[in-house]
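# I'll drop the sequence and a predicted model, then ask my questions.
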Amino acid sequence: MAVLLMLLAAGAIFVYAPTDALQGPVQRIFYLHVSSAIAAYGCFAVVLVGGIIYLRNDSAVADRFARAGALVGVVFTTVTLVMGMLWAKPIWNTFWTWDARLTSTLVLWIVYAGYLLVRRMAEPGRQAARLAAVVGIFGFIDVPVVHFSVTWWRTQHPGPIIVNDALPVQMLGTFLFTLACTLVLAGVMIAIRYRIETLIDEKQSIAEPVPVAAGHRAEAGPEAVP
Amino acid sequence: MNQLRVALAVARKDLRSEWRTRELVPALAQFIILALLIGNFGFQIDSRNASTIAPGILWLALVFAGLVAFGRTFAAEREQASLEAMLMTPASPVAIFAGKALAAAALLVVCEMVLLPALSLFFGMPLSGAVVAAVLLATVGMAALGCLFAAVVARVRARELLLPLLTLPLWIPFIIAGGLAVQSAMGLPGSYQQAIGLLIDFDILFVVLTSLAARFVLDE
């Protein structure tokens, strides 16, 4: 169903939406570029919330969601970056510029790629989950900080134009539809990945019996911070 | 009060063991000199452009020296398996972490005492209180984050690989603000006041966050 929706969105982008007067057909990148950026933020929010819940009560479900969110988020960030570069080449005449938003998106990508690497290299289990949760939380905080600190430094990227009515109705409609489809796609991808992570966990627990009883440190909740 | 005493005791222990072995600081000092040498060959440096290149070399050398220093923070503990012993004592993990971060920050400051004069010697970078203040402020936050992630990777297989990957993106805010502060202190465009204010904000933010996160990393 998600695939069908994405096809519909592609149809809307190429057929329904008018061609931009200044930029020509390249502007059609906009719909998917911004949508996947928003979807990526959504995925990383899942990582953040999953990490916090995991640290609070060792919930394996939250951790699996965090893992799934990180992977899908990295995919969407990659899509955003690549499409942005393809768009920037004809419009800005360069693939890359050290603009605030570009820099912070690149940092975002690096942080969560690092998250995935931690998951791969740490021994699977509670320790990896807790370490990764810390990485995920710090990564989420770091990105607005980076963004803020480069913004007053220099910026070239256009600001949000969706909120202030600058788009014609057909473009806005196409954008909102693409956004909705992309979010559904992200949700479905997270769900699929969640299922895979569950299977991985089950395989692991069959291969070796669980070493520590889960929830044994329930008595030392986060309230116990001295 | 007690927490502070524990932290200071841990820091003192780390610094004393460094003083007795004298491993890390001489190695880092050499590392920094080498970084300057590479900077010299990598850029075409003459008397006109030296002052614009020097801040970049400053942060590159500092960041990589910092990575090496923080990578060693938990090395001795791991080799002797003494971290578990420390965590078994009634001392709180946060205090132990704070002590280790303090010691690592102190070692990094020692490195800066080599780096900054060397920069002014080799690159003609003017040494002012403003530059020193910016570097020291950046060190606070870098030490907190670096130590946290050193603890994170201490128990991971490929820790030498992962530490830079995790730490560098989080250090970027400090490098942006610190870089701007140093540049503006040297007369390049930019607002020194604003950059220093930002550095202080980041320091507070990340010191608070790392102390909240420390117990999850060190615990168990």
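The structure has been received and is ready for your questions.
# so for the residue nearest the centre of chain A, what's the pLDDT?
Nearest to the geometric centre of chain A sits residue A:40, at 2.3 Å (Cα atoms, centre = their mean). Each residue has a pLDDT score; the one for residue A:40 is 85.
# likewise for residue A:168?
On the pLDDT scale, residue A:168 is placed at 70.
# where's it relative to chain B, distance?
According to Cβ to the nearest Cβ, to the nearest Å, residue A:168 and chain B sit 37 Å apart. Any C-beta I mention is one placed from the backbone N, CA and C, and that applies to glycine too.
# what distance do you get for that residue to residue B:164?
Between residue A:168 and residue B:164 the distance is 47 Å, computed by Cβ to Cβ, to the nearest Å.
# of those two, who's got more company?
Higher neighbour count among residue A:168 and residue B:164: residue B:164, with 20 against 12, using other Cβ atoms under 10 Å in any protein chain shown.
# any weak-confidence spans in chain A?
Of all residues in chain A, those with pLDDT under 70 make up the ranges A:1-3, A:5-26, A:124-125, A:147, A:149-167, A:207-226.
# ranges for the helices of it?
With DSSP state H as the definition, chain A shows helices at residue ranges A:2-11, A:29-57, A:60-92, A:100-121, A:126-151, A:169-207.
# looking at those helices, which is closest to residue B:142?
The stretch from the helices of chain A with the least distance to residue B:142 (Cβ to Cβ) is helix A:126-151; that distance is 13.1 Å.
# quick check, the closest one touching chain B?
Yes: judged by Cβ under 8 Å from any Cβ of the partner chain, helix A:126-151 and chain B are in contact via A:127, A:130-131, A:133-135, A:137-139, A:141-142, A:145-146, A:149-150.
# which of the residues you listed has the most neighbours?
When neighbours are counted by other Cβ under 10 Å, residue A:135 leads these with 30 neighbours.
# check contacts around it.
Under the criterion of Cβ atoms under 8 Å, 6 or more residues apart in numbering or on different chains, the contact partners of residue A:135 comprise A:111, A:114, A:115, A:118, B:149, B:152, B:166.
# distance of the fifth one from residue A:108?
When Cβ to Cβ is the yardstick, residue B:149 and residue A:108 sit 17 Å from each other.
# again, but for the second one
Computed as Cβ to Cβ, the residue A:114 to residue A:108 distance reads 11 Å.
# who's more crowded, the two?
More neighbours surround residue A:108 than the other of residue A:114 and residue A:108, with 26 against 23 (other Cβ under 10 Å).
# name the residues of the longest helix along chain B that are buried.
Scanning chain B for the longest helix, with DSSP H as the assignment, gives helix B:93-123. In terms of neighbour count (16 or more other Cβ atoms under 10 Å in any protein chain shown), helix B:93-123 has its buried residues at B:93-105, B:107-108, B:110-112, B:114-116, B:118-119, B:122-123.
# what does stretch A:177-187 give?
Along stretch A:177-187, these residues count as buried under the neighbour rule (16+ other Cβ under 10 Å): A:177, A:178, A:179, A:181, A:182, A:183, A:184, A:185, A:186, A:187.
# contacts for stretch B:183-201?
Applying Cβ under 8 Å, 6+ apart, the contact partners of stretch B:183-201 are A:149, A:152, B:51-52, B:54-55, B:125-126, B:128, B:130-131, B:133-134, B:137-138, B:141, B:173-174, B:177-178, B:180-181.
# and what of stretch B:48-56?
Counting by Cβ under 8 Å, 6+ apart, stretch B:48-56 makes contact with B:39, B:43, B:45, B:119, B:123-126, B:179, B:182-183, B:186-188, all of which sit outside it.
# same thing but 10 Å
Contacts to stretch B:48-56, defined as Cβ atoms under 10 Å, 6 or more residues apart in numbering or on different chains, come from residues B:36, B:39-40, B:42-46, B:57, B:119-120, B:122-126, B:131, B:134, B:178-188.
# filter these down to just the ones in helices.
Assignment to helices by DSSP H places the following of the contacts of stretch B:48-56 there: B:36, B:39-40, B:42, B:57, B:119-120, B:122-123, B:131, B:134, B:178-185.
# contacts only, for the residue nearest to the centre of chain A.
With Cβ under 10 Å, 6+ apart, residue A:40 has these contacts: A:69, A:72-81, A:105, A:108-109, A:112, A:182, A:186.
# against residue A:188, how distant is the closest residue in space to it that isn't next to it in sequence?
What sits nearest to residue A:40 in space, not counting adjacent residues and going by Cβ to Cβ, 6 or more residues apart in numbering or on different chains, is residue A:76, at 3.8 Å. Between residue A:76 and residue A:188 the distance is 13 Å, computed by Cβ to Cβ.
# that older thread, which of the contacts of residue A:135 sit farthest apart?
The most widely separated members of the contacts of residue A:135, counting by Cβ to Cβ, are A:111 and B:152 (13.2 Å).
# quickly list what's touching both of those two.
The overlap between the contact sets of residue A:111 and residue B:152 (Cβ under 10 Å, 6+ apart) consists of A:135, A:138, B:166.
# re earlier: and of the helices of chain A, who's closest to residue B:13?
Distance to residue B:13, taken as Cβ to Cβ, is lowest for helix A:126-151 among the helices of chain A, at 24.9 Å.
# mind listing what's buried along the helix or strand hosting residue B:168?
Mapping residue B:168 onto the secondary structure by DSSP states H and E places it in helix B:159-185. Neighbour-count burial for helix B:159-185 flags B:159, B:162-185 (criterion: 16+ other Cβ under 10 Å).
# what of stretch B:141-159?
Residues of stretch B:141-159 classed as buried by neighbour count (16+ other Cβ under 10 Å): B:141-156, B:159.
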